[in-house]
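S.K.: sequence? don't have it. structure:
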């Protein structure tokens with residue numbers, strides 16, 4: 001009897017050990033952040049030392065070059081700076097934060113933080129000092145249905161007044177909600193929208209999902225829009241970053257396929273009226289009338305790219321699942337990675353009035369590993385990238 005118990009115990013231990021091994025393999029395959037490798041005509045410089053001791057192919061920055069300026073936040077999505085130098089930060093559960101010497105919390109009514117939705121994009125009007133207008137992209141409800149919309153408010157004495165709906169009934173879902181908004185050099189409002197899980201409708205010009213939209217500041221349609229509607233470009237899956245370079249060209253980051261077949265994340269150069277191919281082409285594929293990305297992550301690596309900025313000939317963009325800040329020099333086509341797994345998931349990337357780069361973490365969004373005092377906003381000196 002004793003021998004039977006010993007054999008049975010050993011058998012159970014073997015089963016448990018194999019189960020744990022299988023679980024770890026699954027976690028690595030489906031959830032582990034991955035470093036990128038570009039495909040289209042780019043030079044990729046990846047770490048040759050462990051990430052914690054290597055900063056791309058550069059020396060590690062001084063501690064003074066990197067500073068946490070806000071912490072204990074709840075899934076910060078976007079950052080904008082007031083003329084006073086104070087930060088405005090959206091938190092996905094529905095809070096607008098004003099951060100200076102202290103922190104003021106302004107609750108945005110009607111926000112539905114479902115899945116990837118909630119309070120997302122934020123931008124100031126180009127003439128904010130005269131009109132105090134701010135714009136918010138958020139997920140809310142229309143009857144029993146989720147929708148995304150852009151709202152405009154006047155910010156006065158830590159209070160939002162004069163709510164105006166700029167555009168309504170943008171498709172929403174648990175996944176693929178887009179959400180980045182920004183004013184371009186032409187003073188038009190640009191809006192990224194996800195396909196809301198309806199892949200084929202990214203090709204439908206009667207569907208606002210899977211598009212980049214362009215509007216006047218009051219929500220009206222600019223007369224020079226390519227389709228005489230709000231749509232500026234189409235065939236997008238889930239674009240989440242916008243940046244204009246020194247030639248006033250628009251760049252956009254975009255999430256590629258997900259799940260078991262993750263990969264093919266994109267950096268696109270956006271032109272009016274063009275079709276960027278989702279779901280008909282991915283990666284290096286081409287078809288007549290469809291525009292492939294400038295670079296993509298390939299089939300085996302995932303960036304999950306988010307906020308983007310232009311800086312000295314480079315497009316920098318934050319990576320969520322990639323847990324990396326990416327750098328693409330569009331003249332010499334060199335691609336670099338920074339901060340791999342140093343901070344976890346990165347979402348917002350903006351340049352502050354001090355010329356520093358500000359990044360937000362998104363480790364509390366249900367997909368990251370929560371670090372001490374997450375989520376954070378991190379201030380980075382751009383000199384470390386020179």
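M.R.: Structure's in. What do you need? On a predicted model such as this, the values are computed, not experimentally measured, just so you know.

S.K.: Tell me which residues of stretch 191-199 come out buried.
M.R.: 191-197, 199 (16 or more other CB atoms under 10 Å). Any C-beta I mention is one placed from the backbone N, CA and C, and that applies to glycine too.

S.K.: wait, which of the residues you listed is closest to residue 312?
M.R.: Using CB to CB, residue 192 comes nearest to residue 312 of those, at 24.2 Å.

S.K.: Within the sheet, what are the partner strands of the strand or helix carrying that closest one, with directions?
M.R.: Taking DSSP states H and E as the criterion, residue 192 maps to strand 189-193. Strand 189-193 pairs in its sheet with strand 181-183 (antiparallel), strand 211-215 (antiparallel), by DSSP bridges.

S.K.: mind putting the buried residues of stretch 191-199 in JSON lines, pLDDT and distance to residue 108 included?
M.R.: Converted to JSON lines, the buried residues of stretch 191-199 look like this (pLDDT from 0 to 100; distance: CB to CB, whole Å):
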{"residue": "191", "pLDDT": "99", "distance to residue 108": "17"}
{"residue": "192", "pLDDT": "99", "distance to residue 108": "19"}
{"residue": "193", "pLDDT": "98", "distance to residue 108": "19"}
{"residue": "194", "pLDDT": "98", "distance to residue 108": "20"}
{"residue": "195", "pLDDT": "98", "distance to residue 108": "25"}
{"residue": "196", "pLDDT": "98", "distance to residue 108": "21"}
{"residue": "197", "pLDDT": "96", "distance to residue 108": "24"}
{"residue": "199", "pLDDT": "97", "distance to residue 108": "30"}
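
S.K.: Among those residues, which one lies nearest to residue 384?
M.R.: Using CB to CB, the buried residues of stretch 191-199 come closest to residue 384 at residue 192, 28.5 Å.

S.K.: Strands of the stretch 251-386 of the chain, start to end?
M.R.: For the stretch 251-386 of the chain, the strands defined by DSSP state E, counting those that start in this stretch occupy 266-270, 295-296, 305-311, 314-319, 325-329, 334-338, 346-351, 357-361, 377-380.

S.K.: Can you give the contact residues for the last one?
M.R.: The contact list for strand 377-380 (CB atoms under 8 Å, 6 or more residues apart in numbering) reads 61, 65-71, 73, 76, 79, 87, 89, 99, 343, 348, 352, 356-361.

S.K.: try the fifth one
M.R.: Residues from elsewhere that reach strand 325-329, judged by CB under 8 Å, 6+ apart: 36, 38, 42, 56, 267, 294-295, 303, 305, 313-319, 334-339, 346, 349, 359, 385.

S.K.: Show me which of those are buried.
M.R.: Neighbour-count burial within these applies to 36, 38, 42, 56, 267, 294-295, 303, 305, 314-319, 335-339, 346, 349, 359, 385; the criterion is 16+ other CB under 10 Å.

S.K.: Need the strands of the stretch 251-386 of the chain in TSV (columns: mean pLDDT).
M.R.: TSV is the format used below for the strands of the stretch 251-386 of the chain (pLDDT from 0 to 100):
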stretch	mean pLDDT
strand 266-270	98
strand 295-296	98
strand 305-311	98
strand 314-319	98
strand 325-329	98
strand 334-338	98
strand 346-351	98
strand 357-361	98
strand 377-380	98
